[in-house]
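>>> quick one, structure for this:
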Amino acid sequence: MLVLLLLILWPVAELFVAIKVAEAIGVLVTVLALIVSWPVGMWLLRAEGRAAWRRLSAAVAAGRPPAREAIDGALVLLGGVLLIVPGFISDAVGLCLLAPPTRALARAGIVRNFQSRLIVSATRFSRPPPAPYDVDSTAKDIDQSQLPG
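Model prediction:
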């Protein structure tokens with residue numbers, strides 16, 4: 001439900017911001033800014049993507065788990081895609097994901113969220129099964145010496 005709401009509200013917010021920017025700086029400059037963001041996004045995606053790929057390769061070559069590098073690569077990809085999509089809000093979020101300091105903050109949030117979800121799901125399945133319940137009251141106490149083995 002939240003995703004559906006986001007898919008509806010995001011374009012409305014982008015349109016609202018574009019109209020307000022056009023009122024402030026003019027329609028021609030606004031359209032030009034939206035058009036220029038696409039090649040800039042492609043260039044930044046290539047540059048940051050190559051750097052993320054190099055870090056991922058170095059981590060694998062060093063024999064350490066590349067979790068941080070993989071998350072960085074995914075965030076770089078998402079940031080580049082958001083820069084290619086027209087809109088000022090998506091451009092701002094995309095630039096934040098491509099900038100290393102803000103990408104580190106996003107990565108920390110993702111890791112924290114993933115760890116908490118992992119802990120919740122792991123503890124959910126590690127509970128002991130409930131004790132059997134004798135619905136018909138047929139249980140009998142027996143002497144331990146009568147048990148086999």
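>>> downstream neighbour of the longest helix along the chain in the secondary structure list?
As assigned by DSSP state H, the longest helix anywhere in the chain is helix 27-62. Following helix 27-62 in sequence order, the next helix or strand is helix 67-84 (DSSP states H and E).
>>> and that following helix, what's its mean pLDDT?
Confidence over helix 67-84 (mean pLDDT, whole number) is 89.
>>> can you check stretch 99-107 too?
90.
>>> could I have the CA atoms of it written out in CSV?
The C-alpha trace of stretch 99-107 is given here as CSV (Å, rounded to 0.1, in the frame of the first residue of the first chain):
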residue,chain,number,x,y,z
ALA,A,99,27.9,11.7,-3.1
PRO,A,100,30.1,9.5,-0.9
PRO,A,101,29.3,11.1,2.4
THR,A,102,25.6,10.9,2.0
ARG,A,103,25.8,7.5,0.4
ALA,A,104,27.6,6.3,3.6
LEU,A,105,24.6,7.6,5.7
ALA,A,106,22.2,5.8,3.4
ARG,A,107,24.3,2.6,3.6
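>>> distance between that stretch and the chain's centre?
12 Å (Cα atoms, centre = their mean, to the nearest Å).
>>> give the buried residues for that stretch.
The neighbour-count check on stretch 99-107 (16 or more other Cβ atoms under 10 Å) flags R103, A106, R107 as buried. No exception for glycine: its C-beta is placed from N, CA and C like everyone else's.
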